[in-house]
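J.: Show me how the following folds:
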Amino acid sequence: MNKKIFILTSVILLVSFYLNISFGDASIGINKILLSLFGIDFNIPEVSKFIFYEIRLPRVIIAFIVGSILALSGTIMQAIFRNPLADPGLIGVSSGGAVGAILFIISANYLNAHTFMWLQDSGMIIFPMIGAMATTFLVYKLSQSNGKTNVAVMLLTGLAINAIAGTIIGYATYFSTDDQLRSFTFWSLGSLGRADWGLVQVLFPLTVIAIIYKISLRRELNLMLLGEREALYLGVNIEKTKRNLIIVTSSIVGLTVSICGMIGFIGLITPHICRLIFGPNHNLLLPLSGMVGGIILVNADLVSRISIPYSELPIGIVTSLIGAPFFLYLIIKTKKVLF
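T.: Numbering: from 1, shown residues only. Now for the predicted structure:
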């Protein structure tokens, strides 16, 4: 059964890749390009080759990687908090990244062009990454007491830190110029427009390491669903597992936020979709969540590129259009269970 599921999701993924690469403002003959790899000459225009190799192929790879990271991280957060509405944003990753982004945008004009030339190009990756890591570390430390992490306190602390981050963002945007505000707004809505092979080379190995580590803890996550006390009796080092998962999750999600901006709802809805279809067993849920999250974001990116001719709809808007109704459905469903 598991083999059939993985084959089916793999086929859907390949079809999604094919559609994403083929369609856009400029349609390219992807079939001929792929066949040309075997030495068959179709006299393919150089512009089509450039679009395929340098623009769409790295972009679709980044879309799949980011979607997989967000979905896996959402699955991890929901298991740690034992809360079906949890996602990486609860521990301040997204809001911290946004603080870093707006601080860089409003301070970029004051950077010395000679001393900080390297920062002019990479600041929009470094600053959000630092912000995401700093807020997550703060939430984690504030939720500790006597060497133990209280998940409920972490949830409340995350909400408080997110509120503080929102205040900082509001204060910064109030004093920003129109161009700075436009830059931040575009970043905050999410985009894969910066995808290139350099980012693939950075993100791919880190993602593989993070995914392998998370999947290796699938037994511990299954046991933690029973409750922390029960998992402890069954040999799970609760504190070590939570600490390591939170550190790995915040690091890799912080990196994706710094590269692509804030892309919402993938980490929230994907685990639910997979849990409804495949069940709660993390042996199957973790790898499939990663694949389904990647598929969702690849197709969302296609929609964002073809919705407006010769322009690009921010991908965060597309994922919100998909995720917000599903989120309301979860709230209504939970309300019926509670009352």
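J.: was I right about Thr136 contacting Gly89?
T.: No. Using Cβ atoms under 8 Å as the test, Thr136 is too far from Gly89 to be in contact (10.7 Å). Heads up, the C-betas are built off the backbone N, CA and C, glycines and all.
J.: ok, Leu328 - contacts?
T.: Listed by Cβ atoms under 8 Å, 6 or more residues apart in numbering, the contact set of Leu328 is empty.
J.: check which helix or strand covers it.
T.: Using DSSP states H and E, Leu328 falls within helix 315-338.
J.: in that helix, what's buried?
T.: With burial defined by 16 or more other Cβ atoms under 10 Å, the residues of helix 315-338 counted as buried are Ile315, Gly316, Val318, Thr319, Ser320, Ile322, Gly323, Phe327.
J.: of all the residues you listed, which two lie farthest apart?
T.: Using Cβ to Cβ, these span at most 17.3 Å, a distance reached by Ile315 and Phe327.
J.: Can you pull out the low-pLDDT segments for the stretch 101-250 of the chain?
T.: Along the stretch 101-250 of the chain, the model assigns pLDDT under 70 to residues 109-121.
J.: Kindly recompute the last result at 50.
T.: Along the stretch 101-250 of the chain, no part satisfies pLDDT under 50.
J.: burial measure for the residue nearest to Thr256 when sequence neighbours are not counted, as a count.
T.: Leaving aside its chain neighbours, Thr256 sits nearest to Val66 (4.8 Å; criterion: Cβ to Cβ, 6 or more residues apart in numbering). As a burial measure, Val66 scores 30 neighbours (other Cβ atoms under 10 Å).
J.: ok, Val66 - contacts?
T.: With Cβ under 8 Å, 6+ apart, Val66 has these contacts: Leu192, Leu203, Thr256, Ile259, Cys260, Ile263, Leu297.
J.: Hmm, the fourth one is touching Arg194, no?
T.: To tie it back to what came earlier, the one meant is Ile259. Yes. Counting by Cβ under 8 Å, Arg194 is a contact partner of Ile259 at 6.7 Å.
J.: doesn't Ala71 make contact with Pro271?
T.: Yes. If you go by Cβ under 8 Å, Pro271 and Ala71 touch, sitting 6.7 Å apart.
J.: Name the residues contacting each of these two.
T.: Shared contacts of Pro271 and Ala71, counting by Cβ under 8 Å, 6+ apart, come down to Ser289.
J.: In which helix or strand does the one residue sitting closest to the centre of the chain reside?
T.: Centroid-nearest residue in the chain: Leu70, 3.3 Å away (criterion: Cα atoms, centre = their mean). Using DSSP H and E, Leu70 maps to helix 57-81.
J.: repeat for His272
T.: Going by DSSP H and E, His272 is in helix 266-278.
J.: Okay, helices next: where are they in the stretch 51-200 of the chain?
T.: Using DSSP state H, counting those that start in this stretch, the helices of the stretch 51-200 of the chain run over 57-81, 93-107, 117-142, 151-174, 178-188, 197-216.
J.: quick one, the second one and helix 178-188 angle?
T.: Between helix 93-107 and helix 178-188, the angle comes out at 160 degrees (axes from the mean of the first three to the mean of the last three Cα atoms, to 10 degrees).
J.: cool, the third one as well?
T.: Here helix 117-142 runs at an angle of 60 degrees relative to helix 178-188 (the same axes, to 10 degrees).
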